[in-house]
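K.L.:
got a predicted model here, sequence first, then my questions.
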Amino acid sequence: MRETFHELPLGSRVFTIVLAVAYLGGIIWALPGSRPAVVIGLIVIFALDGLIKPVPNPFGGITDPISGVIILAALLWTPQEVLLGVGIGSFIGLLLFRKNEIWRAINNGAGWGLPAVAVTEGAHFAISVVSPGLLALATAGAMAIIINRITNTGIFAIWRSQRFGRPFLSDWWQSVNYIWPNQFLSAPLAVVLAAVASRIGTVEAGLALTMAAGLVLPVTRQEYGYYIRSQQMLDEIVESMVRALEGVNPDARAHGDRVSAIAVEVGRRLRMSERALFALRLASRLHDVGLLQGLEGSAGEEHHAAIGGRILGRFPDPLIAEFVRSHHERWDGKGAPDGKRGTAIPLGARILAAAEIYDSAIAGIPPFETPLSPQAAASHIIGLAGTALDPKVVMTLLRVTVEQQTKLGAAG
């Protein structure tokens with residue numbers, strides 16, 4: 001949905017203005033030390049990258065798989081040239097080909113261009129301290145990927161904190177870790193093309209090879225799209241199981257959704273990886289799936305958490321089953337089904353346990369006979385810290401629930 005600049009929260013507008021001013025300052029610094037032919041060539045290349053359709057990401061935005069082209073540019077050109085090429089080119093491409101609002105094009109152009117300066121400086125430093133050749137380029141490429149990941153995600157985490165009120169550190173850490181190993185898949189091509197360009201030694205050859213890196217973006221985008229689609233398919237399977245659970249317990253969906261919202265935010269604050277957060281979200285929605293095989297009866301029967309873990313063991317990610325199986329374990333080791341204690345219990349399961357108890361208390365779900373107030377529910381789980389629940393998880397959960405209640409109060 002298109003938004004005007006004045007519809008944005010004040011913090012988001014201030015952020016956009018600061019980012020634009022910072023980039024304009026960068027332009028003043030960069031112009032005297034740049035070769036016009038290189039700058040124009042890079043602007044064209046990064047503008048054309050706007051033709052590649054982005055992919056939605058789990059953080060409430062889009063992902064443009066252009067890091068490989070940025071890495072190659074960092075290996076071949078000066079920081080000033082990369083700043084101008086990436087920032088201005090991306091800005092133009094977003095306006096012309098994606099019809100973005102000006103403020104959005106500014107955020108993305110500057111948000112990619114400014115980190116590219118740090119990326120290029122880091123890559124050139126690595127090249128200067130390592131013996132010339134492929135090893136130097138490979139080292140520089142790896143350093144460039146790391147710096148790009150850290151700085152780029154940092155800028156957009158600041159944006160999300162201003163735009164959506166997300167806590168910066170946990171959101172940034174989650175973004176940095178999101179399918180982290182895949183970032184290095186773009187390095188080999190960039191290193192090879194940089195080596196070829198360096199051997200030829202002409203501006204024309206360097207620009208042509210940078211353009212060649214851009215030509216593979218549709219393939220990169222397609223692979224990333226397949227990954228996102230696989231996650232969506234898993235969501236669809238979970239949805240069908242939730243519907244089945246509603247046949248056993250009509251409140252299963254609402255309870256699972258509330259538990260999921262709390263648990264994922266707690267996991268984010270505790271810096272779980274994106275993969276673990278995704279598994280925690282699905283496990284929270286399906287934590288009672290074992291009830292599909294009947295409620296627990298005698299002591300000799302299998303615990304429903306173990307049944308749920310076995311059912312979900314067919315899922316591609318074993319973390320989902322692991323979290324569900326262990327969410328009735330206790331911090332003191334007196335839980336079920338395996339008697340695990342302390343940090344031997346997976347973090348996702350410890351979070352799920354606390355979130356489930358808290359929501360059950362608020363909603364009056366058994367073993368609670370009547371709903372508790374938020375204050376009484378908080379007191380109840382504080383009383384369980386160190387025995388049934390992980391104290392660190394409890395403290396984090398309480399902060400999350402207080403913030404959620406504050407937002408609901410403000411909205412009302």
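P.N.:
Received it, and whenever you're ready, just let me know what you need. Note that the structure is predicted; figures quoted are calculated from it, not measured. Residues are numbered from 1 along each chain as shown.
K.L.:
where does the stretch 251-400 of the chain have low pLDDT?
P.N.:
Along the stretch 251-400 of the chain, segments meeting pLDDT under 70 span 294-302.
K.L.:
recalculate using a threshold of 90.
P.N.:
251-252, 268, 271, 273-275, 278, 288-318, 366, 369 (pLDDT under 90).
K.L.:
helices along that one, start to end?
P.N.:
Shown for the stretch 251-400 of the chain, the helices assigned by DSSP state H, counting those that start in this stretch span residues 252-269, 274-285, 304-312, 318-326, 347-363, 374-384, 391-411.
K.L.:
nearest to residue 195, of the ones you listed?
P.N.:
Taking C-beta to C-beta, helix 274-285 is the member of those nearest to residue 195, at 32.6 Å. C-beta here means a position set from N, CA and C on the backbone, and glycine is covered the same way.
K.L.:
pull out the buried residues from that closest one.
P.N.:
274, 276-285 (16 or more other C-beta atoms under 10 Å).
K.L.:
out of the helices of the stretch 251-400 of the chain, nearest to residue 39?
P.N.:
helix 274-285 (35.5 Å).
K.L.:
tilt between that closest one and helix 252-269?
P.N.:
Between helix 274-285 and helix 252-269, the angle comes out at 150 degrees (axes from the mean of the first three to the mean of the last three C-alpha atoms, to 10 degrees).
K.L.:
show me what helix 274-285 is packed up against.
P.N.:
Packing partners of helix 274-285 (3 or more C-beta pairs under 8 Å, 6 or more residues apart in numbering; DSSP states H and E): helix 168-177, helix 217-248, helix 252-269, helix 318-326, helix 347-363.
K.L.:
name the residues that touch that helix?
P.N.:
Contact with helix 274-285 is made by 58, 174, 177-179, 231, 234-235, 238, 242, 256-257, 259-260, 263-264, 267-268, 272, 312, 315, 317, 319-320, 323-324, 327, 347-348, 351-352, 355-356, as judged by C-beta atoms under 8 Å, 6 or more residues apart in numbering.
K.L.:
switch to 6 Å and redo it
P.N.:
Applying C-beta atoms under 6 Å, 6 or more residues apart in numbering, the external contacts of helix 274-285 come out as 174, 177-178, 238, 242, 256, 259-260, 263-264, 267, 317, 319-320, 323-324, 348, 352.
K.L.:
nearest residue to the middle of the chain?
P.N.:
residue 175 (3.6 Å; C-alpha atoms, centre = their mean).
K.L.:
so what's it closest to, chain neighbours aside?
P.N.:
residue 153 (3.9 Å; C-beta to C-beta, 6 or more residues apart in numbering).
K.L.:
surely the one you found is within a helix?
P.N.:
Yes: membership of residue 153 in a helix is supported by DSSP: H, G, I helix; E, B strand; the rest coil.
K.L.:
that one reaches residue 176, doesn't it?
P.N.:
Yes: using C-beta atoms under 6 Å, residue 153 is in contact with residue 176, at 5.2 Å.
K.L.:
and stretch 126-138, how far out from the chain middle?
P.N.:
Counting by C-alpha atoms, centre = their mean, to the nearest Å, stretch 126-138 is centred 31 Å from the centre of its parent chain.
K.L.:
what residues sit buried inside that stretch?
P.N.:
Residues of stretch 126-138 classed as buried: 126-127, 136-138 (neighbour count, 16+ other C-beta under 10 Å).
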